[in-house]
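> With the input below, show me the fold.
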Amino acid sequence: MRKKCKYDGCTKSARGVTDYCVSHGGGKRCQEPGCTKSAIGATNYCKTHGGGKRCQEPRCTKSAQGVGNHCISHGGGKRCQEPECTKSAQGTTDYCISHGGGKRCQEPGCTTSAMGATDHCISHGGGKRCQETGCVNSAAGSTDYCISHGGGKLCQQPGCTNSARGATDYCISHGGGRRCQEPGCTKSAQGVTDHCVSHGGGRRCQEPGCMKSAAGATDRCISHGGGKRCELECCASVHSQVPTISSGRHPEDGRYMCRFAIRVYIQQHPNNANELMKHFGLKKHLVMRGEHAFYHELCKLVPELRLCERVLDQGISSQTIGKRKRMDEPRPDYFHYFGDALTSLGLHGEYDESKDHEDNDDRLEAVSASANCKSYVFRVCGWHGTDRAVCRRRVRGDYAYYQITDEGKRVVQETADIVRERLTWIGKGLPPNKDRSAKVYVNFK
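Numbers count the residues shown, from 1 in each chain. Presented below is the predicted three-dimensional model:
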């Protein structure tokens, strides 16, 4: 009769001349200093330190698995029973992790594999976690930290501190990770696809018929409302409309801000203009001229103007309908384009500093021709330098800007009423005619 292990409650057999089973320290032990594992077979070491049967693959030093002569990487051990799968079966199951083998995550409804000695997958808190205080991410590789906190394999490019990607020794910027399979392309493949964004890889926009890339964590491209959007009142106040794309974050509360909101914020904090320039990553000041100050106030009353397709002080054809840019193309102060399968109409605004400023209606016709649509036009006289000025110039330090006056607020209100009426006509697809004036002049008398 075989001698039983003397460890309390253990029913296994003692090994060799010892009084304990292998699990409780019996039998021959590994001779590696500090190792307490059992020596394997006729060797004096455990599997980790070279004991037991080794893989017969040339230059491989791993342990042979099962009754074969190879390690798992070289085909040894029990294999997955899924047809055409060559991976190793996990644990006591007949399948690899990808085909349902091994221990599964215990989170209700989750079918992912549990990680390590835990009962959950990485997404549900399983596996080794990052040791950085307050971090809940998974530790990367054999390190104790996630990639964000310096864990995992680092890029081998001298001076680079980014994480190496996949089985490569470099980060994406230095050629690591999977690359785009398009001949001649050296960019990184996106997501689970084999191509970069330019060649169709990564997540695509879910808008029917759109082939563009989805932006950020959204499922739409920028044109169809994806990406980070402005969260300030200038855009959020218009319900059922998609806010403008974000160009930065609010320095106090972190909300996303569109470029126009950034311009206004800098204008409201002129003493901190240089610091704000650095915060928003701007190379030059976003100057608040008279037409900007007026338009900002107008958009407060008619926020729909902020969320349509528009061009501000730029050539129209290159910005809205994709024509090649021309140096002689007229540049309106504000042009709003409304187009669909049935109609195309525009709303053109001009802010004139004085009564004689650009007083040429031929230019207005050229703008409409450039946009290839019929347009409603409103022109506002700013009367700069007079008692009737809509805006006045202010200077704080080396920063100059224009600010709306009380008289200007009255003019803005009058203009807003005119604009709303024309937006109603445009929404009904009604072009200018003798009953709907194509041009209106505000504050010229």
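
> separation between T18 and A42?
Using Cβ to Cβ, to the nearest Å, T18 is found at 17 Å from A42. Every residue, glycine included, has its C-beta placed from N, CA and C.

> Sorry, slip of the keys, the one I care about is V440.
Distance from V440 to A42, by Cβ to Cβ: 101 Å.

> Between those two, which is the more surrounded one?
V440 (15 against 9; other Cβ atoms under 10 Å).

> Quick one: mean pLDDT for stretch 40-54?
On average, the pLDDT along stretch 40-54 is 83.

> Helices of this protein, start to end?
With DSSP state H, the ranges of helices along the chain come out as 233-236, 259-268, 273-280, 290-301, 316-320, 361-371, 406-427.

> Next, format those helices as a markdown table and append mean neighbour count, mean pLDDT and distance to K153.
Listed next are these as a markdown table, based on neighbours: other Cβ atoms under 10 Å; pLDDT from 0 to 100; distance: least, Cβ to Cβ, whole Å:
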| stretch | mean neighbour count | mean pLDDT | distance to K153 |
| --- | --- | --- | --- |
| helix 233-236 | 18 | 69 | 42 |
| helix 259-268 | 20 | 79 | 39 |
| helix 273-280 | 15 | 85 | 34 |
| helix 290-301 | 21 | 87 | 50 |
| helix 316-320 | 20 | 52 | 45 |
| helix 361-371 | 17 | 76 | 54 |
| helix 406-427 | 16 | 93 | 57 |
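
> between those helices, which gets nearest to M211?
Proximity to M211 (Cβ to Cβ) singles out helix 316-320 among those, at 20.6 Å.

> contacts for stretch 391-409?
Residues outside stretch 391-409 that contact it (Cβ atoms under 8 Å, 6 or more residues apart in numbering): 267, 270-271, 273, 285, 287-290, 292-294, 296-297, 382, 384, 388-390, 412.

> How about stretch 139-147?
Stretch 139-147 has contacts (Cβ under 8 Å, 6+ apart) with 127-132, 135, 137-138, 150-153, 163.

> Which of the residues you listed ranks first by neighbour count?
G151 (23 neighbours).

> For stretch 74-83, measure first residue to last.
18 Å (Cα to Cα, to the nearest Å).

> Now do the buried residues in that stretch.
Buried residues in stretch 74-83, counted by 16 or more other Cβ atoms under 10 Å: 74, 76-80, 82.

> Can you pull out the low-pLDDT segments for this structure?
Along the chain, segments meeting pLDDT under 70 span 1, 234, 236-242, 283-288, 307, 316-329, 339-343, 357-360, 396-399.

> how about a cut-off of 50?
239-240, 318-325, 341-342 (pLDDT under 50).

> domain parsing for it?
1-28, 225-286, 298-442 (automatic domain parsing).

> Include distance to H199 when you put those into JSON lines, please.
JSON lines is the format used below for those (distance: least, Cβ to Cβ, whole Å):
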{"stretch": "domain 1-28", "distance to H199": "55"}
{"stretch": "domain 225-286", "distance to H199": "19"}
{"stretch": "domain 298-442", "distance to H199": "22"}
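
> Identify whichever of these lies nearest to K187.
domain 225-286 (19.9 Å).

> Now find how far off-centre the closest one is within its chain.
17 Å (Cα atoms, centre = their mean, to the nearest Å).

> try stretch 188-201
With Cα atoms, centre = their mean, you get 15 Å for stretch 188-201.

> In it, which residues are buried?
188-190, 193, 195-197, 199, 201.

> And the contacts of that stretch?
Against stretch 188-201 from outside (Cβ under 8 Å, 6+ apart): 165, 172, 177-182, 185, 187, 202-203, 211, 213.

> And for stretch 93-100?
Contact with stretch 93-100 is made by 78, 80-82, 85, 87-90, 101-102, 111, 113, as judged by Cβ under 8 Å, 6+ apart.

> What of stretch 108-117?
So stretch 108-117 is contacted by 90, 97, 100, 102-106, 120-124, 126-128, 138 (Cβ under 8 Å, 6+ apart).

> Now do the end-to-end distance for it.
19 Å.

> Identify each buried residue in that stretch, please.
For stretch 108-117, by 16+ other Cβ under 10 Å, it's 113-115.

> possible to save the residues you listed as JSON lines with distance to T36?
JSON lines is the format used below for the buried residues of stretch 108-117 (distance: Cβ to Cβ, whole Å):
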{"residue": "S113", "distance to T36": "29"}
{"residue": "A114", "distance to T36": "26"}
{"residue": "M115", "distance to T36": "25"}
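
> Identify those among those residues that sit within strands.
Among the buried residues of stretch 108-117, no member falls in strands (DSSP state E).

> any idea which of those residues is the one closest to C5?
Nearest to C5 among the buried residues of stretch 108-117, with distances taken as Cβ to Cβ, is A114, at 29.7 Å.

> Can you name the residues that contact the nearest residue to the closest one once chain neighbours are set aside?
Distances taken as Cβ to Cβ, 6 or more residues apart in numbering put K103 closest to A114, at 4.3 Å, once the chain neighbours are dropped. Each residue near K103 by Cβ under 8 Å, 6+ apart is listed here: 90-91, 113-114, 119.
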